[in-house]
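**Q** pasted the sequence and its predicted model underneath.
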Amino acid sequence: MSHLKPAHEAFCRAYVANPNATSAARSAGYSVDHAHQQGYRLMRRATILRRIAELRAEQAERECLAPGALLAKLETAFHAALKKDQPAAAARVVEAQAKLAALFTKADPKGTADAALSATRNALNSMAKQLGLPAPRFDAM
């Protein structure tokens, strides 16, 4: 957590949500009449810029690099490949999902990666169905 004033912290969080300094200043409680000048002034402070960078990194970790987000992106790519009749691309996506699921399982031995494995199995079943193949067996997995 930062050591910024509450209004500065509010500005940083608002700016990360909507990267417009004037709008962020208004959201942080600065007067509408002076929000433009306050936003400009705050965006020139190193402490503010560092905090915005920290918040963006946290957001990226939470939204872009989380296991669920990565698998969702792959699932979207998988369905796009099937829709475009590109079974080789779909197979590569499934391979990537399987690798991610294995990484999640190794990184989390408590078994909370079951959702990742389930998503991979669902993708394999869907691909087999689309290609007219029998459903895969998961005994050895």
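**A** Good, I have the coordinates.
**Q** which residue ranges make up the domains of the chain?
**A** Split into domains by automatic domain parsing, the chain comes to 6-63, 67-131.
**Q** please state the offset of the shortest one from the chain centre?
**A** By that I understand domain 6-63. 21 Å (Cα atoms, centre = their mean, to the nearest Å).
**Q** which one is residue 93 nearest to, not counting chain neighbours?
**A** residue 78 (4.2 Å; Cβ to Cβ, 6 or more residues apart in numbering). C-beta here means a position set from N, CA and C on the backbone, and glycine is covered the same way.
**Q** where exactly do the helices run in the protein?
**A** 6-17, 21-27, 35-42, 46-63, 67-83, 87-107, 114-131 (DSSP state H).
**Q** export those helices to TSV and tack on mean neighbour count?
**A** TSV is the format used below for the helices of the chain (neighbours: other Cβ atoms under 10 Å):
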stretch	mean neighbour count
helix 6-17	18
helix 21-27	20
helix 35-42	18
helix 46-63	13
helix 67-83	16
helix 87-107	16
helix 114-131	17
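**Q** reformat those as TSV; add mean pLDDT.
**A** Formatted as TSV, these follow (pLDDT from 0 to 100):
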stretch	mean pLDDT
helix 6-17	96
helix 21-27	97
helix 35-42	96
helix 46-63	87
helix 67-83	83
helix 87-107	76
helix 114-131	65
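**Q** any idea how far residue 56 is from residue 40?
**A** 20 Å (Cβ to Cβ, to the nearest Å).
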